[in-house]
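# Here you go, sequence then predicted model.
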Amino acid sequence: MSAPPQTPPTRRAVLAASAGLVLAATSEAFASPADLIIANGVARFGRSRYKCAVGYGGIRADKKEGDGATPAGSWPIRHVLFRPDRVRIPKMKFDVRDLKPNDGWCDAPSDLNYNRPVQLPYAASAEALWRKDGIYDVIAVLGYNDDPVVPGRGSAIFLHIARANYSPTVGCVALARENLLVFLSKATPATRVVIRR
């Protein structure tokens, strides 16, 4: 028995699909010389090369909350957070804010403050930013899933300090402390973090 004839896609549907593919490819592949390029375990910024770690779920264009993946694409740096009791921040061109012991970041997709900073203790699930292990002593908050926030698309995507063995993160990009501070001292608000699969 032959298959029933299929209706050909409309011109509008073909154009919409093509536009989506072009947008995805552009956001993932395009980078200027002033950007930080993340690919194959290396962060490239101008002539500098830094070892880095990404999420244990790899790099994905379809990131979801809890998958451990780092989102592919081109993301701006919104602002920088740091532990004033542990780090002396160099002069930089970003809005820089002190971390406090009750600072957190909501990771509950159903909450109104999903993917936003909150004060702990918080009624919904939230990650503590004041940590003993030092990986959040410096945090560059990336502009991922924040304009607008889409529930379940992922939260708390940061550029932060790597562990000594560069073990995978839960979705962020991590650099050695000294490399992160040097990068942030040279980057500008126009610099984007371009994450490639």
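That came through fine. Numbering: from 1, shown residues only.
# Please make it C-alpha for all contacts and neighbour counts, starting now.
Noted.
# Any stretches of this protein with poor pLDDT?
For the chain, applying pLDDT under 70 flags the ranges 1-30.
# Where do the helices of it begin and end?
Under the criterion DSSP state H, the chain carries helices at the ranges 11-29, 177-186.
# Now L129. Nearest residue, chain neighbours left out?
Once flanking residues are discounted, L129 sits nearest to G104: 5.2 Å by CA to CA, 6 or more residues apart in numbering.
# what's the neighbour count on the one you found?
22 (other CA atoms under 10 Å).
# tell me the contacts of it?
Contacts for G104 (CA atoms under 8 Å, 6 or more residues apart in numbering) come out as P117, V118, Q119, L120, A126, E127, A128, L129, W130.
# Next one: it from L181, what distance?
Separation of G104 from L181 (CA to CA, to the nearest Å): 22 Å.
# Then P148?
As judged by CA to CA, P148 and L181 stand 29 Å apart.
# more neighbours, the two?
More crowded of P148 and L181, by other CA under 10 Å: L181, with 21 against 7.
# State the number of residues packed around D137.
If you count neighbours by other CA under 10 Å, D137 ends up with 22.
# who touches it in this structure?
Contacts for D137 (CA under 8 Å, 6+ apart) come out as L81, F82, R83, R86, V87, W130, R131, H160, I161.
# and if you look at F94?
Neighbour list for F94: R78, H79, V80, T188, P189 [criterion: CA under 8 Å, 6+ apart].
# Need the phi and psi values for the residue nearest to the spatial centre of the chain.
The centroid of the chain falls nearest to I157 when counting by CA atoms, centre = their mean (3.6 Å). Phi and psi for I157, reported as degrees, to the nearest 10, are phi -90, psi 110.
# Could you double-check that it sits in contact with G171?
Yes. Applying CA atoms under 8 Å as the test, I157 and G171 come out as touching, 6.4 Å apart.
# Identify the contacts common to these two.
T70.
# Could you double-check that K93 sits in contact with F183?
No. Using CA under 8 Å as the test, K93 is too far from F183 to be in contact (11.4 Å).
# So for these two, which residue has more residues nearby?
A direct count of neighbours by other CA under 10 Å for K93 and F183 places F183 higher, at 18 against 14.
# And the strands in the protein?
Under the criterion DSSP state E, strands of the chain are mapped to 36-39, 42-45, 48-53, 59-60, 70-71, 73-82, 96-98, 103-106, 117-119, 126-128, 138-142, 158-161, 173-175, 192-195.
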